[in-house]
Structure formats: C-alpha cells, structure tokens
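Just a sequence and a predicted model for now, questions to come.
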Amino acid sequence: MPTPHRSPAPPRIHTSRRTLLAFVGAALVAGPVIASQTAGASPTPKAGGLDDPAKKEIAMKIVCSAENSDLNWKEYYRYCEDIGDGRGYTAGIIGFCSGTGDMLDLVELYTQRKPDNILAKYLPALREVDGTDSHEGLDPTYKPDWEKAAEDPEFQKAQNDERDRVYFNPAVKQGKADGIGVLGQFAYYDAIVMHGDGGDSTSFRNIRKRALRSAKPPAHGGDEVRYLNAFLDARVWAMKQEEAHEDTSRVDTAQRVFLKKGNLNLDTPLEWKVYGDPYRIG
C-alpha cells in the first residue's frame, strides 16, 4: 500500500485516555442526565444511532475528509508522521499522538494482546516522550515499524478499539443521553476527535457546556435543531481560539449544511465541502 498523504489541514488537539476516564464513566459530562437516560440500558447499539454500522462508516468517512482530505479512512492504519504541531508523531486512523498519551495507550493495548509485536520495544521510549514532542528513543525506525505493524489485523483492531473507547463511544453515549440523533452524535464525535475532553475551555465537555447556556437538548425538553445550532456555534468559537483551527469549514460547509437541510439522520446522499474540497457519499 502506498504511504498515505495527509493534507495540511489544521492539526487536532489530542487528549490521552487517562484524562478521559471520568468522561467514559457513568457520570460523564451530563451527570444526572446520563444516569437517568442510561440506567438499565442494553449495550446493544440501537437503531438510529451513530453506532449503527452504516452510520458509523459514514462518520469515519466524513472525519477522514477533514483530517486527511480523503474518504478512504482504512488506508490510514499505517499513517505515521510528525506534522509539526508539538505533539510528536501523529499516526493511525484517528491520529494517535506520541506526545499526548493516546498512542502509548494504543501500543500498550496491542502489546497486552500480542506481546511479541514489532512496536512493543518502543514502550519505554513512548512513556518517556509522553507530554512532549520528542522523538528520543523512537527514531529512526519507529515510523517504518508502525507501517509494518499496520499490516497486522490485530493492530488494526487495536486502533479500532481505542478509537471507539476513547472517542466514538463517549460521543455517542453523551449524544443519546442528550436526546440528539445521528447528526448530533456525529457533531459530538467530531468535536472530541479535534478537541479531546480535557479541562481547558475548548475541550468537548466545555463546548457542550457553552451550548447549554443558549439552548436545551431534547432530553431536557429543548428543540433539537436549535440545540445543535448552539452546539455548532460553540464549536466554531472553540476552533477560533487557536490559529491552527481558524478554518471552520468542517462545521460551516459540512455539519451545518446537513443541519440546514434537516438531515438529522445523516441519510445519503450526502454532499459537503471541507477546506474547499467537495465530497459525496451515496
């Protein structure tokens, strides 16, 4: 497979799984909302959610259009480079970073499942560089070894599982607790992918809190379209706090387009633009 090309799109802010544990738990951001909405719920994905396999595939393609200027997200298991954003190596289908802990978590998971894997020898170095942009102990062989590991279905599965546990599942869970549909759950997912869920003002949980000042989600008796507009407004505000995120087209000419058309279920065909490039599904 040829080396994937990543466009010079704005870099993401990643957050280690360790800083997301409170978010993943039953308390989550919504506190009592989560508890009341999910008590006794079945873990089986419900129809109409972003966790429906067909909708999840759409979500992965839309995010990939923004992150990689491409719809073929499965080509990015082997992607690995330093994009100069201060987070060390960025790699894999969701941009795991050596400087933010989620890459370390991924390689630890892979090693738990397959102790003799080609990346296991880098665990000490990944622990040392966590929180920095350093490549110490990784160069010059980490990138080619990552690409080799990406040929292993077990490593691909580990990437899928970490993406779901750290980013996708929390977004869908919070979206369902808030009573929003597929589009809203996708808006949450895209926000977590870019902003993580730390304590800073531009993290997902604080974007959501900002939106709640302007509108109520359906779970609290609010109108879904009004709430999603408030959430996207808050997301755009957060993006503009960083020069790297000033291009807000992934909201303005993608998510906002779907919302204006009333496509709350992300039904195909879908047409959108990111950074001026057109995309279509279906």
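Received, thanks.

What residues does the residue most central in space within the chain make contact with?
Nearest to the mean C-alpha position of the chain, by C-alpha atoms, centre = their mean, lies residue 193 at 2.5 Å. Applying C-beta atoms under 8 Å, 6 or more residues apart in numbering to residue 193 gives the contacts 12, 63, 67, 94, 95, 167. Placement of C-beta: from N, CA and C, glycine included.

Return the subset of those residues lying in helices.
The helices, defined by DSSP state H, take in 63, 67 from the contacts of residue 193.

follow-up on the earlier one: pLDDT value on the residue nearest to the centre of the chain, please?
Residue 193 is assigned a pLDDT of 91 by the prediction.

just use 51 as the starting number from now, easier for me
Yep, numbering from 51; the last one is residue 243 now.

chain center to the helix or strand hosting it: distance?
Assigning secondary structure by DSSP states H and E places residue 243 in helix 232-245. In this view, helix 232-245 has its centroid 7 Å away from the chain centroid, taken as C-alpha atoms, centre = their mean, to the nearest Å.

next helix or strand past it?
Once the chain leaves helix 232-245, the next helix or strand it forms, by DSSP H and E, is helix 254-262.

average model confidence for that next one?
Rounded mean pLDDT across helix 254-262 is 98.

Mind listing what's buried along it?
254, 255, 256, 257, 258, 260, 261, 262 (16 or more other C-beta atoms under 10 Å).

Return the member of the contacts of residue 243 nearest to residue 267.
residue 217 (20.1 Å; C-beta to C-beta).

List the residues that contact the closest one.
So residue 217 contacts 144, 239, 242, 243 (C-beta under 8 Å, 6+ apart).

related to what we said a few turns ago, can you give me the distance of the residue nearest to the centre of the chain to residue 167?
Plainly put, residue 243 is 25 Å away from residue 167 if you go by C-beta to C-beta, to the nearest Å.

And for residue 301?
38 Å.

out of those two, which sits in the busier spot?
Shown here are residue 301 and residue 167; by other C-beta atoms under 10 Å, residue 301 has more neighbours (22 against 18).

Test my guess that that one contacts residue 282.
Yes - using C-beta atoms under 8 Å, residue 301 makes contact with residue 282 at a distance of 5.4 Å.

which residues of the protein score low on pLDDT?
51-98 (pLDDT under 70).

Which parts of it are strands?
130-132, 139-141, 146-147, 320-324, 327-331 (DSSP state E).

Deepest in the core, which of the ones you listed is it.
Comparing the strands of the chain by mean neighbour count (mean count of other C-beta atoms under 10 Å), strand 146-147 ranks first with a mean of 28.

who does that one pair up with?
strand 139-141 (antiparallel) (DSSP bridges).

residues in contact with the strand it pairs with?
Residues contacting strand 139-141 (C-beta under 8 Å, 6+ apart): 61, 129-133, 146-149, 153, 185, 188, 192-193, 196.

cutoff 6 Å now
By C-beta atoms under 6 Å, 6 or more residues apart in numbering, the residues outside strand 139-141 that reach it are 129, 130, 132, 133, 147, 148, 196.

for those, which one is nearest residue 273?
residue 147 (37.2 Å).

that older thread, is it possible to export the buried residues of helix 254-262 to a markdown table including distance to residue 228?
Written out in a markdown table, the entries for the buried residues of helix 254-262 read as follows (distance: C-beta to C-beta, whole Å):
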| residue | distance to residue 228 |
| --- | --- |
| 254 | 12 |
| 255 | 12 |
| 256 | 15 |
| 257 | 13 |
| 258 | 8 |
| 260 | 14 |
| 261 | 10 |
| 262 | 9 |
